[in-house]
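Peer 1: Show me how the following folds:
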Amino acid sequence: MHAQMANARTVASQQQNIQSSIASLADIIVVRFDKNKSNDQRNSLVAEGKTALELASGIKSSTWAAMTASEAEEQTDLVI
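Peer 2: The predicted structure follows:
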């Protein structure tokens, strides 16, 4: 009986550790701007990224712009 309870606690602890690990994972995107790109090309690339974020999250870019940094980080974590 005690062994079963200990095993159940161990399994629950392992599941909690896995969930914590999953919650801390993030996709990282690196955007490199070529020095030879025009400002129009750079602005276009930034606009594409903002559109992708809006589509993935369902949150309009005007709402993203109004968020504090911590709110945006929290929403980004939820989207990822």
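
Peer 1: Every contact and neighbour count from this point should use C-alpha atoms.
Peer 2: Noted.

Peer 1: OK, contacts around residue 51?
Peer 2: Applying CA atoms under 8 Å, 6 or more residues apart in numbering, one finds that residue 51 lies in contact with residue 61.

Peer 1: quick one: what helix or strand has it in it?
Peer 2: Using DSSP states H and E, residue 51 maps to helix 39-57.

Peer 1: following that helix, which helix or strand comes up?
Peer 2: helix 61-66.

Peer 1: helices and strands around that following helix, which ones?
Peer 2: Helices and strands touching helix 61-66, by 3 or more CA pairs under 8 Å, 6 or more residues apart in numbering; DSSP states H and E, are helix 39-57.

Peer 1: Would you point out the helix or strand in the chain whose mean pLDDT is lowest?
Peer 2: helix 2-23 (a mean of 57; mean pLDDT, DSSP states H and E).

Peer 1: ok so, going back, if we go by neighbour counts, what in the helix holding residue 51 is buried?
Peer 2: Neighbour counts over helix 39-57 (16 or more other CA atoms under 10 Å) mark 53, 54, 57 as buried.

Peer 1: Kindly provide the distance from the first one to residue 67.
Peer 2: The gap separating residue 53 from residue 67 is 14 Å, by CA to CA, to the nearest Å.

Peer 1: show me what contacts residue 76?
Peer 2: If you count contacts by CA under 8 Å, 6+ apart, residue 76 has them with residue 57.
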